[in-house]
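Enquirer: Got a sequence here, can you build the structure:
(one chain, ligands or ions: 3)
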Amino acid sequence: MAAKGDMIYAWTTDSGLAKKAECGGAVTALLKYALENKLVDVVVAVKKGFDLYDAVPVAITDPKDLDQTAGSLHCGTLLMSTFIQKYLDGAKKTKVGVVVKGCDLMGLIELGKRNEVNMDNVLTIGVNCGGSVNPIQGRKMIAEKFGIDPDKVTKEEIDKGQFIIEYDGGHKGIKIDDLEDEGFGRRSNCRRCKYKIPRQADLACGNWGVIGDKAGKATFVEICSDKGADLVNKAVSAKKLETSAADPKGIEIRGKTENAMLKLGEKWRKKEFTAIRDNLWDFINKETSRCIKCYSCIEKCPVCIATPFEGRPESYMVRPGYIPSDPMFHLRRFAHISDSCVNCGQCEELCPVEIPLALISHAIRVEADNGFVPKLGASSYKN
Ligand code: FAD
Ligand code: SF4
Ligand code: SF4
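Expert: Residues are numbered from 1 along each chain as shown. Ligands and ions are numbered 1, 2, ... in the order given. Model (predicted):
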């Protein structure tokens with residue numbers, strides 16, 4: 001019987017699903033089991049839309065539809081937490097199973113603290129995350145650096161430090177470090193992210209550490225809660241999932257890989273935070289002066305629970321109808337969100353005038369953590 005703290009290899013018993021899945025298909029098999037057996041009412045996951053660069057969040061109630069969500073979309077930069085808050089009434093009356101990257105999970109936890117999501121009703125299946133790539137940048141990178149038409153690509157993956165594509169007639173991999181040195185690769189918030197294995201989820205699933213004859217055919221699952229252990233045990237009893245103990249050498253490799261990623265995240269923080277440290281005020285003023293007040297930065301932020309601006313009496317500091325925004329608009333926003341910014345990158349991703357909003361909020365958050373909260377509090381993630 002699996003228990004909290006165990007590390008196992010797991011794989012689906014469904015051969016059709018195994019073909020579609022990224023690794024062993026454990027994530028989809030477990031969610032399917034949960035939905036079929038009414039442990040959850042709805043599953044929130046991601047499926048391929050128009051093409052590989054179009055990751056679409058979906059809420060699924062029929063277990064048969066879940067196979068469409070198998071596989072990883074590394075150009076999927078969406079945030080699952082605000083999806084649950086906005087479209088599933090914060091799981092207040094519905095039991096939700098959801099696939100979460102580190103940032104999705106941190107966003108959910110912050111929304112839970114603000115009573116926007118009822119975390120008691122949420123089953124979280126975490127996926128390790130080395131980072132995601134902006135879809136438009138991803139297409140550009142494939143055309144310019146790989147010399148391949150992005151529409152000809154049939155699969156993309158990130159493995160052993162390389163971004164790898166498969167296309168009609170071959171496959172090609174380039175080291176992510178080299179791509180990032182030239183301005184491509186992962187989103188800047190992902191480079192700074194240090195929440196690679198989402199251990200506050202019920203299960204943390206990934207491909208790191210799967211070695212030997214199971215390599216590529218099993219999912220590495222770290223069991224992080226009793227709820228997660230219960231789900232695995234039930235799915236195994238129902239013969240929907242098979243498991244074996246993780247290879248100790250694989251566990252060691254996974255640990256080393258995680259540490260290497262944490263060091264890389266620290267390197268990027270140092271580089272990007274230091275670059276703005278000595279002129280933060282000028283940097284904020286200059287960058288935010290492009291703001292067109294579309295409020296996209298508020299729309300997806302899991303820690304910015306704002307009341308709509310419409311219908312409010314005219315603010316003394318933010319004049320409706322005038323652009324660029326008064327600097328006070330952004331300063332107020334940074335003041336109220338930066339203590340809990342989870343570095344999900346949504347604000348920056350959605351900003352049509354490319355203000356590096358996540359960089360600023362994240363820098364302020366990390367400074368606050370370092371200066372004022374030396375020991376980790378209730379949220380023990382290292383975002
Ligand atoms: P499957 O059964 O194939 O299910 C995969 C699930 O992931 C599906 O539910 C799907 O909806 C969901 N999904 C796909 N794309 C996204 C997305 N962009 N955001 C949220 N959910 C998504 N594992 C590692 O060990 N190391 C890594 O560095 C690593 N990086 C990753 C980066 C990204 C952006 C993603 C999405 C995953 C990453 N993983 C990483 C996890 C790994 O790719 C597999 O998802 C995991 O091993 C589970 O495999 P599986 O066969 O059980 O999953
Ligand atoms: Fe993954 Fe972290 Fe980027 Fe989120 S912020 S997509 S968890 S690397
Ligand atoms: Fe995410 Fe930006 Fe909000 Fe921070 S401020 S939590 S990066 S949307």
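
Enquirer: Contact residues of this structure facing ligand 2?
Expert: Neighbours of ligand 2 within the chain, by CB under 6 Å from any ligand atom: 101-103, 129, 131-132, 189-190, 193, 195, 343-345. Using the backbone N, CA and C atoms, a C-beta is placed for each residue, glycine as well.

Enquirer: at 8 Å what do you get?
Expert: Residues of the chain lying close to ligand 2 (CB under 8 Å from any ligand atom) are 77, 101-104, 129-132, 186-187, 189-191, 193, 195-196, 198, 343-345, 383.

Enquirer: Show the overlap between those residues and what lies near ligand 3.
Expert: Checking the residues of the chain next to ligand 2 against ligand 3 by CB under 8 Å from any ligand atom, the ones in range are 103, 189, 343-345.

Enquirer: In stretch 53-69, which of the residues would be classed as buried?
Expert: For stretch 53-69, burial by neighbour count (16 or more other CB atoms under 10 Å) applies to 53, 55, 57-60, 66-69.

Enquirer: Repeat that for stretch 242-258.
Expert: Buried residues in stretch 242-258 (16+ other CB under 10 Å): 242-243, 246-247, 250-251, 253-254, 257-258.

Enquirer: So it, near ligand 1 or not?
Expert: Yes. Residues of stretch 242-258 contacting ligand 1 under CB under 8 Å from any ligand atom: 254, 257.

Enquirer: count of residues packed around Lys19?
Expert: Number of residues near Lys19 (other CB atoms under 10 Å) recorded here: 10.

Enquirer: That one sits in which helix or strand?
Expert: Using DSSP states H and E, Lys19 sits in helix 15-20.

Enquirer: any residue of that helix up close to ligand 1?
Expert: Yes. Shown here: helix 15-20 in contact with ligand 1 (CB under 8 Å from any ligand atom) through 17, 20.

Enquirer: Pull the distance from that helix to the chain's centre.
Expert: Taking CA atoms, centre = their mean, to the nearest Å, the mean C-alpha location of helix 15-20 is offset from the chain mean by 24 Å.

Enquirer: Please apply the same query to stretch 152-159.
Expert: 18 Å.

Enquirer: quick one: contacts of that stretch?
Expert: Applying CB atoms under 8 Å, 6 or more residues apart in numbering, the contact partners of stretch 152-159 are 22, 52, 72, 74-75, 130-131, 138, 142, 163-168, 173, 176, 207.

Enquirer: do the same with stretch 242-259
Expert: Residues outside stretch 242-259 that contact it (CB under 8 Å, 6+ apart) are 2, 7-11, 13, 196-197, 206, 208-212, 214, 218, 220-221, 232, 236.
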